[in-house]
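Colleague: quick one, structure for this:
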Amino acid sequence: MPKIVLATLNAKYVHASFGLRYLLAHMGELAPETKILEFHINQRILDVAERILQERPSIIGLGIYIWNAAQSLVLVRLLRKLAPDAIIVLGGPEVSYESREQEIVELADYVITGEADFAFAELCRTLGGDQRPADKIIRAALPKAEELNYPYHLYNSDDIQNRLIYVEASRGCPFTCEFCLSSLDVPVRQFPVDTFLAQMQSLYDRGARSFKFVDRTFNLNIRISKAILQFFLERYVPGLFVHFEMVPDRLPDALKEIVKLFPAGCLQFEVGIQSFNPDVGALISRRQDIGKLCENIKFLRRETNVFIHADLIAGLPGETIESFGEGFNRLVELGPQEIQVGILKRLRGTPIVRHDDTWQMVYNPNPPYELLSNKLVSFATMQRIGRFARFWELLGNSELFRSALPLLWEESHDPFNEFLSFSDWLYGTAKRRHEIALSKLTSYLSEYLTVVKHVSQEKVSGSISDSFKCAGRSDLIPLVPRFTQPSVQPKAANQ
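Modeller: Got it, this is the predicted structure:
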């Protein structure tokens, strides 16, 4: 029997590979000869190769994703040199589309595109019988949800204690948003709710208290959504955390009533808004009721304890910097606890490419393939938005600056342009986007507010100190600076 290693490079250690566990759950008689090895993208790739080859595998299965594509290419190059007789099989969304034009595919022996739950095991059996499929690109048949084996028993005690536990009650997405790979995942397939909840009970009994649902449309089937919410509500204990990605304009009364019952810190909803511009939505085949969306977010903020993580995408075809800013301001007014500003990515296989000529879309050829410029937004402006997104993540999504940051726009009521100006100034002053210490961030924000925005030192210091206290970090109050004179002169905004 062949010795098989399933491996991938996760974005961080805390992320446990859901896909590899699904593959192992379907290995059948090959399971005793199959081992999962998980790494993360910040590890030395030579060390990763060494660890894989210590198992002396005859078949190496690798999960390739947008976040690990560059490192995985280096890994496959090394494995090809060091173990030329090992059969390398690739899978994952990054190699499932436009496969033949990729160097990593040329280096591999086989690629399984699509959902490989059954197909990988079948390939291993074929290879173990000394047979070789004629085509290196193998298209997996779409499995029915009720036929799949659950992988949850493959989360070990270390995973349960220290890592995110990914779960899914359904696969697929009914929407056709052109920027998203999920638009290609049709139809939606629901796992039988009774057997699924039995699996959740098993995880819960083993001590799992953090459940991250990867369903693209958790609240599509209201009956099943309500059953899952009720399951977790009945088992609530302090520390229980459940994350869902929801359709933002679909929140009927049946779900509203049960959501209101959850205590603070338990539920997190990821709300993909992407754009408030209806013309942009029509261009990219995204259907959503903006009015209902806003009404639902207001309800969640006003009447529930749900933590809302909302997404916007910059660079969509037809979106100007002005209309994006208007959408950002509208979202700030709605008050989600987190706003993630993403840059449009050209994911392999997505129909967003049909806009390339009309809207002069220019993407970075290297992962993660972010937009560099288009007809309406220049490269320099996209760079500014990239810095805006990074600094908003550091400051706007941090409890530590929740009281102080609105001082930037308390007079203009224009969060987007005020934070964009601050972002330009911060980059011009710090000369970097990353690795800025908390003490430095605090000092920079304080200085900008006092020197550039002319907010009183007392008000700035008091607001930052209040934020630190509300976040339970009174120990950070000594970081709040008090300037006797400006140390940095204001810089032009567009740097």
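
Colleague: C-alpha from now on. contacts and neighbour counts both.
Modeller: Will do.

Colleague: helix, strand, or coil at residue 272?
Modeller: Classification of residue 272 by DSSP: H, G, I helix; E, B strand; the rest coil places it in strand.

Colleague: so who does it touch?
Modeller: Applying Cα atoms under 8 Å, 6 or more residues apart in numbering, one finds that residue 272 lies in contact with 245-248, 310-312.

Colleague: now pLDDT too, for these, in JSON lines please.
Modeller: Putting the contacts of residue 272 into JSON lines (pLDDT from 0 to 100) gives the following:
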{"residue": "245", "pLDDT": "95"}
{"residue": "246", "pLDDT": "91"}
{"residue": "247", "pLDDT": "88"}
{"residue": "248", "pLDDT": "89"}
{"residue": "310", "pLDDT": "97"}
{"residue": "311", "pLDDT": "96"}
{"residue": "312", "pLDDT": "97"}
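
Colleague: secondary structure, neighbour count and distance to residue 8 added to these, as TSV?
Modeller: Formatted as TSV, these follow (DSSP: H, G, I helix; E, B strand; the rest coil; neighbours: other Cα atoms under 10 Å; distance: Cα to Cα, whole Å):
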residue	secondary structure	neighbour count	distance to residue 8
245	strand	20	24
246	strand	19	28
247	coil	19	30
248	coil	23	32
310	strand	23	28
311	strand	18	27
312	strand	21	29
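
Colleague: turn the residues you listed into TSV, columns for distance to residue 292.
Modeller: Shown next, in TSV, are these (distance: Cα to Cα, whole Å):
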residue	distance to residue 292
245	17
246	13
247	11
248	8
310	15
311	17
312	17
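
Colleague: let me know the closest of the residues you listed to residue 28.
Modeller: Nearest to residue 28 among the contacts of residue 272: residue 245, at 32.0 Å, using Cα to Cα.

Colleague: what about residue 384, helix or strand, and which?
Modeller: Assigned by DSSP states H and E, residue 384 belongs to helix 379-391.

Colleague: in the very next helix or strand once past that helix, what's buried?
Modeller: Later in the chain than helix 379-391, the nearest helix or strand by DSSP H and E is helix 415-430. Residues of helix 415-430 classed as buried under the neighbour-count rule (16 or more other Cα atoms under 10 Å) are 415-428.

Colleague: likewise stretch 42-56?
Modeller: The neighbour-count check on stretch 42-56 (16+ other Cα under 10 Å) flags 45, 48-49, 52-53 as buried.

Colleague: out of the residues you listed, which are inside helices?
Modeller: Among the buried residues of stretch 42-56, the members falling in helices (DSSP state H) are 45, 48-49, 52-53.

Colleague: which of those sits closest to residue 346?
Modeller: Checking these against residue 346 by Cα to Cα gives residue 45 as the nearest, at 26.0 Å.

Colleague: helix, strand or coil for the spatially closest residue to that closest one that is not a sequence neighbour?
Modeller: Spatial nearest neighbour of residue 45, excluding adjacent residues (Cα to Cα, 6 or more residues apart in numbering): residue 75 at 6.1 Å. For residue 75, the secondary-structure state derived from three-state DSSP is helix.

Colleague: check the gap between residue 75 and residue 10 for me.
Modeller: Computed as Cα to Cα, to the nearest Å, the residue 75 to residue 10 distance reads 14 Å.

Colleague: and of the buried residues of stretch 42-56, the nearest to residue 259?
Modeller: Checking the buried residues of stretch 42-56 against residue 259 with Cα to Cα, the nearest one is residue 48 at 43.5 Å.

Colleague: tell me how far the closest residue to the closest one other than its chain neighbours lies from residue 75.
Modeller: Leaving aside its sequence neighbours, residue 48 sits nearest to residue 39 (Cα to Cα, 6+ apart; 7.1 Å). Counting by Cα to Cα, the gap between residue 39 and residue 75 amounts to 12 Å.

Colleague: which residues are common contacts for these two?
Modeller: Contacts common to residue 39 and residue 75, judged by Cα under 8 Å, 6+ apart, are residue 48.

Colleague: what is the nearest of the buried residues of stretch 42-56 to residue 149?
Modeller: residue 52 (25.9 Å).

Colleague: wait, that closest one sits on residue 6?
Modeller: No: Residue 52 lies out of contact with residue 6 (Cα atoms under 8 Å); the separation is 9.0 Å.

Colleague: list residues touching both of these two?
Modeller: residue 37.

Colleague: who touches the residue nearest to residue 45 in this structure?
Modeller: Listed by Cα under 8 Å, 6+ apart, the contact set of residue 75 reads 45-46, 48-49.

Colleague: what's the strand or helix carrying residue 202 in contact with?
Modeller: Assigned by DSSP H and E, residue 202 belongs to helix 193-205. The list of residues contacting helix 193-205 from outside it, by Cα under 8 Å, 6+ apart, reads 150, 152-153, 169, 224, 227-228, 231.

Colleague: list the buried ones in the lowest-mean-pLDDT helix or strand in the chain?
Modeller: Using mean pLDDT, DSSP states H and E, helix 457-470 stands out as the lowest-scoring helix or strand of the chain, at a mean of 88. Of the residues in helix 457-470, those with enough neighbours to count as buried (16+ other Cα under 10 Å) are 457, 460-469.

Colleague: just send these back as a markdown table, with distance to residue 210 too.
Modeller: Supplementary listing: the buried residues of helix 457-470 in a markdown table, determined by distance: Cα to Cα, whole Å:
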| residue | distance to residue 210 |
| --- | --- |
| 457 | 41 |
| 460 | 37 |
| 461 | 36 |
| 462 | 35 |
| 463 | 33 |
| 464 | 31 |
| 465 | 31 |
| 466 | 30 |
| 467 | 27 |
| 468 | 26 |
| 469 | 26 |
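
Colleague: distance of residue 293 from residue 276?
Modeller: Note on residue 293: its distance to residue 276, by Cα to Cα, is 10 Å.

Colleague: so for the two, which sits in the more crowded spot?
Modeller: More neighbours sit around residue 276 than around the other of residue 293 and residue 276, counting by other Cα atoms under 10 Å; the figures are 22 against 19.
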